[in-house]
Structure formats: structure tokens, C-alpha cells
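Coordinates only, no sequence provided:
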DNA sequence: CCTACGATCTGCT
DNA sequence: GCAGATCGTAGGG
């Protein structure tokens, strides 16, 4: 029964294709134990960002700064940054060291600790607004930039495979949200989401 | 040093 | 539907 649950190994994050990694993360379960509180949710929506030839990516074409340094590090670590001065956005670093590929988590279906999430969000536990957006789910899970760079094979933030596998026909794609500044690259269909799920950002 | 702006969300109209 | 919030980062002087 519980033997179906396993933490994603480093090799999962070492995928050489960030769009494949992005798709594969749909259906996986992100878990946090923050201040001793366990919360979790199934990933419903992701976006791929590539370190080479992708103007939407913070680390595009080798741009290396203190902010982007984590993206150039070991896959399977968290890149968490502050967006619009308010929202903490959570990414997983993929591929291999030095390349700066990452997947942004944009939506989850809350599973465990929903009352705790509701408290953190000051929203009802059973409504999509609890976690149907990149800034909402981090608040629900208790994730802040203070955890930037953390290893996802540790015991604070991790991702599990619980044996849920959706058929490819249920994974829809679209252009990425909020990256119009990236010009032509903004049109790439690098957003992936579970069709029919309520727990997906409206955009 | 200074300025512009964002991988968003909320509340109000 | 739209404007305001809010602050770290990047880039330029």
C-alpha cells in the first residue's frame, strides 16, 4: 500500500529535456514539512524554462548572477525567487550542473494538511483558490525564498511518485503565462497542465 | 548610486 | 475588467 510511495531520485531531475521533465512532474506529489507541519499536493500545472536560447528564463544564455546561481547548480534542488516583491515562486532545477534548466510549479491539488494550507492562505480548504497559481501554492505549502537552494532529496521539501500516471492525452500544453517580454520565445508551448482539473491557474 | 520592472494575486468597480 | 501592492534584481551611469 504505502510501498507505492517513493521520493523522486536524483536521476529523475537529471532529465536532459526540460519539457519532458515538466510533463513528467504532472501527477507527482510535492510535500513540505515546514515548522513541523506536513502538507502536500498533487502537481497539476508546470512550465519549462531552459538555460539556453530561452528569453523567458532568468538564466538565459549563461546569465549568471547571485539570483540565478542555484539554477546552474545540481539538479534536484529548489530555485525559489521573489516575484513582484510579494510572491515566492518555486522551481525545480533539472538536467545537469552548469546548464540552468528549471521547471516552475504553477498549480497543485491539495491532498494532506489542507486545513493548515487554508490557515496560511486565509481561504477555504476546498476551493481551487487555495493553490491554483504559482504564488498561491507556495503560500499554502509554507515555501518562501528562505528555502532557495534546498535539496529536494532532504526532509523539508520533496516530491513523491505515488504511482499516479495520467495518459498523455490528458496533459494539455499552451504558451507560458506572463512572459510576453520574451518575444517569440513566449509563444513556445512550454506550459503543461492536467486537462479537466479545477486546480489549474486561470492565467 | 539610481531606476525600472517583474515566471502574480487581490480587491474593488 | 483593472489598478495597486511591494521589494529584490539587473543593468546602466
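Received it, and whenever you're ready, just let me know what you need. Keep in mind that what you see is a predicted model, and the values were worked out from it rather than measured.

for stretch A:168-184, the distance to its chain's centre please.
Relative to the centre of its chain, stretch A:168-184 is centred 15 Å away, using CA atoms, centre = their mean, to the nearest Å.

what's that stretch in contact with?
A:23, A:26, A:47, A:54-56, A:106, A:185-196, A:201, A:203 (CB atoms under 8 Å, 6 or more residues apart in numbering). Yep, even glycine has a C-beta here, placed from its N, CA and C like the rest.

And stretch A:148-164, what's buried?
By neighbour count on 16 or more other CB atoms under 10 Å, the buried set for stretch A:148-164 is A:148, A:150, A:152, A:153, A:156, A:157, A:158, A:159, A:160, A:161.

Tell me which two of those residues sit farthest apart.
Maximum pairwise distance in the buried residues of stretch A:148-164, criterion CB to CB, is 24.2 Å, between A:148 and A:161.

Run through the residues of chain A sitting next to DNA strand B.
Proximity of chain A to DNA strand B is confined to A:47, A:49, A:56-59, A:71, A:79, A:82-87, A:89, A:91, A:102, A:104, A:121, A:123, A:129, A:133-136, A:176-179, A:181, A:201 under the rule CB under 7 Å from any atom of the strand.

Where strands are concerned, which of these count?
Residues of the residues of chain A next to DNA strand B located in strands (DSSP state E): A:47, A:49, A:79, A:82, A:83, A:87, A:89, A:91, A:102, A:104.

Just the buried ones out of the residues of chain A next to DNA strand B, please.
A:47, A:49, A:56-59, A:71, A:79, A:89, A:91, A:102, A:104, A:121, A:123, A:133-136, A:176-177, A:179, A:201.

Can you narrow those down to the ones near DNA strand C?
Within those, those near DNA strand C by CB under 7 Å from any atom of the strand are residue A:58.

Spit out the contact partners of residue A:196.
Counting by CB under 8 Å, 6+ apart, residue A:196 makes contact with residue A:170.

what about it, helix or strand, and which?
Element membership for residue A:196, per DSSP states H and E: none, as it lies in no helix or strand.

I'd like the distance between it and residue A:75.
30 Å (CB to CB, to the nearest Å).

re earlier: let's see which of the buried residues of stretch A:148-164 end up in strands.
Using DSSP E, the members of the buried residues of stretch A:148-164 that fall within strands are A:157, A:158, A:159, A:160, A:161.

on that earlier part again, need the buried residues of stretch A:148-164 in CSV (columns: pLDDT and distance to residue A:117).
Formatted as CSV, the buried residues of stretch A:148-164 follow (pLDDT from 0 to 100; distance: CB to CB, whole Å):
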residue, pLDDT, distance to residue A:117
A:148, 98, 21
A:150, 98, 19
A:152, 98, 19
A:153, 98, 23
A:156, 98, 16
A:157, 98, 15
A:158, 98, 17
A:159, 98, 17
A:160, 98, 17
A:161, 98, 22
